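>>> just coords:
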């Protein structure tokens, strides 16, 4: 299993708009492509302080590298950031990080 991790930051004023964009447009658009090997997309939000940038993390899970390439293109690490997201993000990772899941230990 491959985990693709990407970070984006927005202002506190744009955080709700960006989260709404993620949940109603961006992630559903990714899922609708029915990429073989895409297991899912998780959205994380960090709001340590209301007067600092709000961090979002997307965690995409794939079952093989070819699925990552189908999503991101031949350069697996390149960010995929729609124009609408670029309008509300203050900054974001130019490249995603990828990790292979080595072991999982579920709680009983």
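On my side now, so go ahead. Because the structure is predicted, anything quoted here is derived from the model rather than measured.
>>> How about residue 67, nearest residue that isn't a chain neighbour?
Among residues not flanking residue 67 along the chain, residue 37 sits closest, at 2.7 Å (C-beta to C-beta, 6 or more residues apart in numbering). C-beta coordinates here come from the backbone N, C-alpha and C atoms, glycine included.
>>> start to end distance for stretch 53-69?
One end of stretch 53-69 to the other measures 30 Å (C-alpha to C-alpha, to the nearest Å).
>>> can you tell me which residues contact the residue nearest to residue 67?
By C-beta atoms under 8 Å, 6 or more residues apart in numbering, the residues touching residue 37 are 62-64, 66-68, 70.
>>> please redo it, this time with the cut-off set to 7 Å
Going by C-beta atoms under 7 Å, 6 or more residues apart in numbering, residue 37 touches 62-64, 66-67.
>>> which of those residues tops the neighbour count?
Among the contacts of residue 37, residue 62 has the most neighbours (other C-beta atoms under 10 Å), with 24 neighbours.
>>> From residue 36, how far off is it?
Distance from residue 62 to residue 36, counting by C-beta to C-beta, to the nearest Å: 10 Å.
>>> Where does pLDDT dip in this structure?
49-51 (pLDDT under 70).
>>> try it again with 80
For the chain, the stretches flagged by pLDDT under 80 are 48-51.
>>> Can you name the residues that contact the residue most central in space within the chain?
Centroid check for the chain by C-alpha atoms, centre = their mean gives residue 58 as the closest residue, at 2.5 Å. Applying C-beta under 7 Å, 6+ apart to residue 58 gives the contacts 6, 41, 43.
>>> Can you lay out those residues as JSON lines showing secondary structure and distance to residue 30?
Shown next, in JSON lines, are the contacts of residue 58 (DSSP: H, G, I helix; E, B strand; the rest coil; distance: C-beta to C-beta, whole Å):
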{"residue": "6", "secondary structure": "strand", "distance to residue 30": "12"}
{"residue": "41", "secondary structure": "strand", "distance to residue 30": "6"}
{"residue": "43", "secondary structure": "strand", "distance to residue 30": "11"}
